[in-house]
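Undergrad: Here is a sequence with its predicted model. Questions after.
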Amino acid sequence: MNKLWYGDNLTIMQSMKKHSVDLIYLDPPFKSDANYNLLYKNLTGKPVPEQAEAFFDTWELDAAKLEAARTMPVLMREHGVDDNYVAFWNIWISALRNSQPQLLAYLIYMVQRLLHMKSILRPTGSIYLHCDPAASHYIKVMMDGIFGHENFRNEIIWKRTGAHGGATRWGDIHDVILFYTASSKYKWNRVLQAHDPDYIDTKYRFVDKRGQYRLVVLTGPGITRGASGQPWRGYNPTDANRHWAVPKRAIQALRDEGVEIPEDLHEQLELLYQHDLIRFPERGRGGGPGVPEFKLHLEKGQPIQDMILDIPPINSQAKERLGYPTQKPIALLDRIIQASSDKGDVVFDPFCGCGTTVYSAVKNERQWIGCDIAILSIKLVREVLTERHRLVEGHHFEVDGIPVSVEQAQELFSRDAFQFQHWVVEKVGGFPMQKKVADRGIDGRMYFETKDALGEMIISVKGGKLKPSDVRDLRGVIERERSSLGGFLSLQEPSKAMRTEAAEAGFFEYNGNRYPRIQLLTVREILEEKREFHMPTRVNTKITTGQQSLPL
């Protein structure tokens, strides 16, 4: 089951079986261009050129998202969303389209995916959505509609940074994690977190052979008949208008030590006394006998709380640090995974980024599925799994969605033409265009250095049938954009007429070298022959000759 997917999580979830996942954790990117750019910097040594397109922008209200918004009510009803929420969605569309179009774009993007997450989640499963306070209240309304308000469990606050002040508002130092379940019958494990040291010092001031403890009275208010109102060892609780009340933790403490517990209340009290779990004060109020007290020993920890203050963010010296801008500490995912899943359960992260959820799942002996739309993320996670965790690809986990043969590239194109375009552009080391709309003949760009300015290659991708006019169109684009070079990537082999068209475009000359102005590469040549585009030194990489392709 352990699988790393390259691709759009929406497409991937549509192929997953219903009710196949026990736990979903997602930390959807708010500014994924920042993530992509920093990943690129870490893997190549230098930052992305300023001219490069952002990899993916969930905040742009483009034509594709508007169409998705229009058809969303149908999708909602198919997934069992209440008609009242569907009506509310329609009102929201009208309200946000002009007032907050970026927020609307983000909500459309998220709702599409949350609907499918509900489908793949088992009835006993849970979902944790990690988000910024700026959008959490909007997301919560939609999650109420999708998962049911009755299945909302917690709004968890994680202190993600130290104190810092704002000139006109309170310091912004926390993230929000929304916790929902698929039903009322969900998995929940008792997980403990460390006690606050100040709490221990204040409350647990006594120490014996069992450790630190505090004293708790063994009586409750009110007079009762029967054994709970009768004297024991000289103390009569009735005289103080009280009765014996043995704490459950007192009995459990003996059970934990393997002691058999009698039914009789006085025998229980005597047993606790013989095991040094009851203390008699020398004097009570007014000089009378003191009220017996139970020694309540400090547990290993306290139950986890909805304010996470004891897990700090990753600092610059942390061993787990991977240089990813939104990387979360493994301890945070450990707590979530341990609380809401069992060993062997399937954990799914649809935005796995640098892979923290995956690494925590490995650590806690869960099965896992992680996916990301950025090939650089997949490369990073695979390297960490093999190098740090000593896992073997093909044995401990699989990588799917990244073509390693022409047949697999053809399958990717058939399944998701836009994702194919992203893959092949990144495969040759370029920057893919981010929008699924009219690209004016530009599917990606590559950059190289010249003495006077940054040079550019315009990339065009064709997965289907080819014709000579495709090359002529690319030539027109590079002339319109005043670019130095054009790269044509295709699944099919170009015809002789296409190669003639490319040759007629001439050469770009720089520093005594000549580079074909339009260059043609096929997926077969890229995968089997390791061929690359021929151009001057690529900008912002460690490469000194040629054009580096990603090793995926």
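TA: Right, received. Where do you want to start?

Undergrad: contacts, neighbours, all on C-alpha from now
TA: Noted.

Undergrad: List the contacts of the strand or helix carrying Ile526.
TA: If you go by DSSP states H and E, Ile526 is part of helix 523-528. Residues outside helix 523-528 that contact it (CA atoms under 8 Å, 6 or more residues apart in numbering) are Val404, Ser405, Val406, Ala409, Val424, Val428, Leu489, Ser490, Leu491, Gln492, Arg531, Glu532.

Undergrad: And the protein, what are its domain boundaries?
TA: 3-50+121-192+304-400, 197-297, 406-528 (automatic domain parsing).

Undergrad: that older thread, so for the helix holding Ile526, mean pLDDT?
TA: When pLDDT is averaged over helix 523-528, the result is 95.

Undergrad: and the closest residue to Ala497 other than its chain neighbours, how many neighbours?
TA: Setting aside the residues directly before and after it, Ala497 is nearest to Pro468 in space (CA to CA, 6 or more residues apart in numbering), at 6.1 Å. Neighbours of Pro468 under the rule other CA atoms under 10 Å: 16.

Undergrad: now swap in the one 3 residues further on and tell me
TA: Taking other CA under 10 Å as the neighbour definition, Val471 ends up with a count of 26.

Undergrad: likewise the one 5 residues further on?
TA: When neighbours are counted by other CA under 10 Å, Gly476 registers 14.

Undergrad: Give the other helices and strands that the helix or strand where it lies contacts.
TA: For Gly476, the host element (DSSP H and E) is helix 468-480. Packing partners of helix 468-480 (3 or more CA pairs under 8 Å, 6 or more residues apart in numbering; DSSP states H and E): strand 454-462, strand 485-490, helix 496-503.

Undergrad: okay if I get the ones you listed as JSON lines plus mean pLDDT, distance to Leu527 and mean neighbour count?
TA: What follows is these, written out as JSON lines (pLDDT from 0 to 100; distance: least, CA to CA, whole Å; neighbours: other CA atoms under 10 Å):
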{"stretch": "strand 454-462", "mean pLDDT": "92", "distance to Leu527": "16", "mean neighbour count": "22"}
{"stretch": "strand 485-490", "mean pLDDT": "97", "distance to Leu527": "12", "mean neighbour count": "25"}
{"stretch": "helix 496-503", "mean pLDDT": "96", "distance to Leu527": "20", "mean neighbour count": "16"}
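
Undergrad: could you point out the longest strand in this structure?
TA: Counting by DSSP state E, the longest strand found in the chain is strand 121-131.

Undergrad: chain center to whichever helix or strand comes after that one: distance?
TA: Next helix or strand after strand 121-131 toward the C-terminus (DSSP H and E): helix 133-147. Mean-position distance between helix 133-147 and its chain equals 17 Å (CA atoms, centre = their mean, to the nearest Å).

Undergrad: now do stretch 198-209
TA: Worked out by CA atoms, centre = their mean, stretch 198-209 lies 38 Å from the chain centre.

Undergrad: Any buried residues in it, and which?
TA: For stretch 198-209, burial by neighbour count (16 or more other CA atoms under 10 Å) applies to Tyr204.

Undergrad: What subset of the contacts of helix 523-528 is buried?
TA: Val406, Ala409, Val424, Val428, Leu489, Ser490, Leu491, Gln492, Arg531, Glu532.

Undergrad: Ile518 versus the fourth one, what's the distance?
TA: Taken as CA to CA, to the nearest Å, the spacing of Val428 relative to Ile518 amounts to 15 Å.

Undergrad: per-residue pLDDT, Leu466?
TA: Per-residue confidence (pLDDT) for Leu466: 95.

Undergrad: for it, helix, strand, or coil?
TA: Put simply, Leu466 is coil when judged by DSSP: H, G, I helix; E, B strand; the rest coil.

Undergrad: any weak-confidence spans in the protein?
TA: Judged against pLDDT under 70, the low-scoring parts of the chain cover residues 30-57, 283-289, 434-439, 538-552.

Undergrad: want to throw the domains of the chain into CSV with distance to Asp62?
TA: Converted to CSV, the domains of the chain look like this (distance: least, CA to CA, whole Å):
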stretch, distance to Asp62
domain 3-50+121-192+304-400, 17
domain 197-297, 52
domain 406-528, 8
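
Undergrad: give the contact list for Gln367.
TA: Gln367 is in contact with Met1, Asn2, Gly344, Asp345, Val346, Val347, Ala361, counting by CA under 8 Å, 6+ apart.

Undergrad: Beta-bridge partners for it, please?
TA: Val346 (DSSP bridges).

Undergrad: where's it relative to Ile120, distance?
TA: To Ile120, Gln367 is 15 Å away according to CA to CA.

Undergrad: ditto for Val425
TA: In this view, Val425 and Ile120 are 31 Å apart by CA to CA.

Undergrad: hey, C-alpha coordinates of the helix holding Ile526 in CSV?
TA: What follows is helix 523-528, C-alpha atoms only, in CSV (Å, rounded to 0.1, in the frame of the first residue of the first chain):
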residue,chain,number,x,y,z
VAL,A,523,9.7,11.5,-24.9
ARG,A,524,11.6,8.4,-26.2
GLU,A,525,14.8,10.4,-26.8
ILE,A,526,14.5,11.9,-23.3
LEU,A,527,13.8,8.7,-21.5
GLU,A,528,15.9,6.2,-23.5
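
Undergrad: about what we covered before: now the helices and strands packed on helix 468-480 in JSON lines, with distance to Leu271?
TA: Converted to JSON lines, the helices and strands packed on helix 468-480 look like this (distance: least, CA to CA, whole Å):
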{"stretch": "strand 454-462", "distance to Leu271": "81"}
{"stretch": "strand 485-490", "distance to Leu271": "82"}
{"stretch": "helix 496-503", "distance to Leu271": "94"}
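
Undergrad: For Trp158, find the nearest of these.
TA: strand 454-462 (43.0 Å; CA to CA).

Undergrad: number of nearby residues for the nearest residue in space to Val217 that is not next to it in sequence?
TA: Closest residue to Val217 apart from its sequence neighbours, by CA to CA, 6+ apart: Glu293 at 4.5 Å. Other residues within reach of Glu293, judged by other CA under 10 Å, total 19.

Undergrad: Distance of Glu293 relative to Pro231?
TA: 15 Å.

Undergrad: returning to that earlier point: the more surrounded of Val425 and Ile120?
TA: Neighbours were counted for Val425 and for Ile120 using other CA under 10 Å; Val425 has more, 25 against 22.

Undergrad: which residues does that one contact?
TA: Here Val425 is in contact with Phe431, Pro432, Asp443, Gly444, Ile459, Val461 (CA under 8 Å, 6+ apart).

Undergrad: so what's the last one up against?
TA: Val461 is in contact with Gln421, Val424, Val425, Asp443, Phe488, Leu489, Ser490, counting by CA under 8 Å, 6+ apart.

Undergrad: Sweet, I'm off.
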